[in-house]
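Trainee: Dropping the sequence and predicted coords here.
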Amino acid sequence: MKRHATLVWKGTGKEGEGSLSTESKVLSNSSFNYLSRFSNGEGTNPEELLAAAHVSCFTMKIAFMVNAKGCTAEVLDTRCDITMENDSISASHLSIRAKVPGLSQEDFTAIVNEAKEKCMVTRLFNLPTTMDAVLEA
């Protein structure tokens, strides 16, 4: 499987602007510029997209692993924070709150730890990745 994204950029790095699109059209001519990258300007940025990739891969891995234990998640509510400092992406932090009837705390802990290690995006990033995980009753 291959997927693609495109960016058309016009202008300088600081004053220019890009238009980002993905094959699926989830992003279609989305704004990308200096302010969206390094401030709070409108538009997306690579760090936000990396967080979306990480949270998606990690959460889906957990869903499959929960199902392999004979359970179905009512909800897996996950957040990923990507840290950029000193011109480098330096860390990823995953926070998950889950409600999975029939799953023990011990199994949940094992699943999230294994998912963090086996998630393809975690392995791709090869960054320090921390995690908070809560299984709700």
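Mentor: Right, received. Where do you want to start?
Trainee: Now do the helix or strand hosting Met84, average pLDDT.
Mentor: Remark: Met84 resides in strand 75-85, with elements defined by DSSP states H and E. Averaged over strand 75-85, pLDDT sits at 96.
Trainee: Centre of the chain to the very next helix or strand once past that strand, how far?
Mentor: Downstream of strand 75-85, the first helix or strand assigned by DSSP H and E is strand 88-99. Taking Cα atoms, centre = their mean, to the nearest Å, the mean C-alpha location of strand 88-99 is offset from the chain mean by 8 Å.
Trainee: Stretch 10-21 now?
Mentor: For stretch 10-21, the distance to the chain centre is 24 Å (Cα atoms, centre = their mean).
Trainee: For it, could you pull out the residues that count as buried?
Mentor: 18-21 (16 or more other Cβ atoms under 10 Å). In short, each C-beta sits where N, CA and C put it, glycine included.
Trainee: Closest to Asp87 out of the residues you listed?
Mentor: The nearest member of those to Asp87, counting by Cβ to Cβ, is Gly18 at 19.0 Å.
Trainee: and that closest one, what element?
Mentor: strand 17-22.
Trainee: Parallel or antiparallel, which strands does that strand pair with?
Mentor: Partners of strand 17-22 in the sheet, by DSSP bridges, are strand 5-10 (antiparallel), strand 30-33 (antiparallel).
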